[in-house]
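Asker: here are the coordinates; sequence isn't available:
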């Protein structure tokens with residue numbers, strides 16, 4: 001692996017504001033927007049009583065060697081399994097070490113190759129995928145939707161790793177990991193249901209929490225907080241501006 005990782009984004013554009021400070025240094029986080037209120041909702045009244053809160057949205061910067069602990073061993077093993085530093089750089093465009101956790105940001109077209117290497121390489125052996133988390137960053141232009149795979153190695157004493165993949169709202173497709181980790185079948189269905197990420201190759205990508213004909217994806221940040229028609233026993237949820245407010 002090269003000492004300094006390629007910090008270009010999923011579309012190949014350089015991210016100069018996210019370059020690491022120096023080898024072994026903890027890079028400064030990059031602000032990617034601002035959240036107002038307790039939950040960051042927009043377009044309606046905030047009934048939480050915390051509408052005056054303002055907090056920055058921070059993305060951790062890209063880390064550089066040495067990462068520390070077993071993280072360097074994981075990076076070395078994956079680099080070897082993929083075929084060298086160049087292949088690693090093509091697949092993994094950012095490595096983040098933040099709050100004692102390692103995250104590999106992987107280009108979506110390389111996702112399955114990386115996951116197979118993480119599962120099968122003897123020095124890695126991340127046998128389990130514990131789940132898939134969806135995230136929606138409306139202000140992260142070109143990468144608004146994120147899917148995060150949480151991996152665990154039983155062979156190597158419970159090592160943990162996150163693999164994060166992004167796709168734009170305009171092209172919300174990510175390869176399904178069911179062929180590598182069959183247990184993520186339902187997790188990918190939930191991520192589709194709540195966030196709208198379409199997992200190509202999934203055996204049955206249908207809703208798992210909401211009714212099949214439900215419009216929209218309720219955990220996206222642009223989804224309304226209320227005013228959604230509820231068909232169960234005549235129940236209703238009023239829009240925010242018609243609810244009781246707190247000060």
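Answerer: That came in fine, so what should we check first? Remember, it's a predicted structure, so these values are computed and weren't measured experimentally.
Asker: Could you use CA atoms for every contact and neighbour count after this?
Answerer: Fine.
Asker: Residue 135 contacts residue 197, doesn't it?
Answerer: No - with contact defined as CA atoms under 8 Å, residue 135 does not count as touching residue 197 (9.8 Å).
Asker: Please say which of the two ends up with more neighbours.
Answerer: residue 197 (27 against 18; other CA atoms under 10 Å).
Asker: For residue 170, see how far away the more buried one is.
Answerer: Distance, residue 197 to residue 170, using CA to CA, to the nearest Å: 11 Å.
Asker: where in the chain is pLDDT low?
Answerer: Low-confidence segments of the chain (pLDDT under 70): 1-27, 39-49, 226-237, 243-247.
Asker: 90 instead?
Answerer: Residue ranges of the chain with pLDDT under 90: 1-69, 97-101, 137-140, 211-215, 221-247.
Asker: Which residue ranges of it form helices?
Answerer: Taking DSSP state H, the helices of the chain run over residues 71-82, 85-91, 111-120, 185-195.
Asker: Deepest-packed of the ones you listed, please.
Answerer: Of the helices of the chain, the one with the most neighbours on average (mean count of other CA atoms under 10 Å) is helix 185-195, at a mean of 23.
Asker: so what does it touch, helix or strand wise?
Answerer: Where contact means 3 or more CA pairs under 8 Å, 6 or more residues apart in numbering; DSSP states H and E, helix 185-195 is packed against strand 128-136, strand 198-200.
Asker: now the last one, how far from the centre of its chain.
Answerer: On the basis of CA atoms, centre = their mean, to the nearest Å, the separation between the geometric centre of strand 198-200 and that of its chain is 15 Å.
Asker: Please apply the same query to stretch 203-213.
Answerer: Distance of stretch 203-213 from its chain centroid, counting by CA atoms, centre = their mean, is 21 Å.
Asker: Perfect, I'm done here.
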